[in-house]
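Engineer: sequence first, then the predicted structure, then my questions.
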Amino acid sequence: MEKKVLVPVAQGIEEMEAITIIDVLRRAGADVVAASVDDIDIKAARGIQFKADALIKDCMEQAFDLIVLPGGIPGAENLKKSEDLAFLLKNQAVQKKLYGAICASPAVVLHSLGLVTPGAVTCHPGFAGQIEGGTVQDKNVVIDGCCITSKGAGTALEFSLELVRLLFDEKTVDDVKGGLAL
């Protein structure tokens, strides 16, 4: 069964995280929609430019097996400004469906919406102090119920492969790793 994934993006998003998540999940066979909260044309944190597949406002009536946020600054802050994204994330949590974030986004976006506390979480070390009442763990990837978080660009591949494992199975992870020559 095909899995549908939403990867919200915004101006200033961390490109390594966004592209790694999108690429790995597509290699696994997921139907990934990279949806921008602001403009189809994205200029990422390090100046790389790419086009989103859609605008988040056009995804409001769709159901997703996973919503996963890249981080970066000011990207995470721009994601946080989106009321549409906040609605989708809260709805995902209420339905007990998978959602996740990497780098600054667990603190800046998920924590601000009450979606990581109380509970185990990780994020970029520079943002760990912003998560009050949660159990911030010094791990690359943390899974707590339906919430999956990761530290940052250096853990993007590990995080993405864990998302594949949760959506699919170990064989799919092995197939993706084989295609990446890991």
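Structural biologist: Arrived safely. Numbering: from 1, shown residues only.

Engineer: tell me the secondary structure for Val5?
Structural biologist: Put simply, Val5 is strand when judged by DSSP: H, G, I helix; E, B strand; the rest coil.

Engineer: now it: how far from Lys51?
Structural biologist: Computed with Cβ to Cβ, to the nearest Å, the distance linking Val5 and Lys51 is 18 Å. Where C-beta positions appear, they are placed from N, C-alpha and C, glycine not excepted.

Engineer: the two - which one has more neighbours?
Structural biologist: More neighbours sit around Val5 than around the other of Val5 and Lys51, counting by other Cβ atoms under 10 Å; the figures are 22 against 11.

Engineer: so who does that one touch?
Structural biologist: Taking Cβ atoms under 8 Å, 6 or more residues apart in numbering as the criterion, Val5 is in contact with Leu25, Ala30, Asp31, Val32, Val33, Phe64, Asp65, Leu66, Ile67, Val68, Leu167.

Engineer: go again using 10 Å as the cut-off
Structural biologist: Taking Cβ atoms under 10 Å, 6 or more residues apart in numbering as the criterion, Val5 is in contact with 21-22, 25-26, 28, 30-34, 64-68, 98, 163, 167.

Engineer: one more: Gly75?
Structural biologist: Counting by Cβ under 10 Å, 6+ apart, Gly75 touches 8-15, 17-18, 37, 42, 44-45, 69, 103-105, 108-109.

Engineer: show only the entries of the residues you listed found in helices.
Structural biologist: Glu15, Glu17, Ala18, Ser105 (DSSP state H).

Engineer: looking at the residues you listed, which is nearest Leu157?
Structural biologist: Each of those was checked against Leu157 using Cβ to Cβ; the closest is Glu17, at 10.0 Å.

Engineer: for the nearest residue to the closest one once chain neighbours are set aside, what are phi and psi?
Structural biologist: Distances taken as Cβ to Cβ, 6 or more residues apart in numbering place Pro70 nearest to Glu17, at 3.9 Å, with adjacent residues excluded. The phi and psi torsions at Pro70 (degrees, to the nearest 10) take the values phi -70, psi 170.

Engineer: burial of Pro70, as a residue count?
Structural biologist: Pro70 sits with 32 neighbouring residues when counted by other Cβ under 10 Å.
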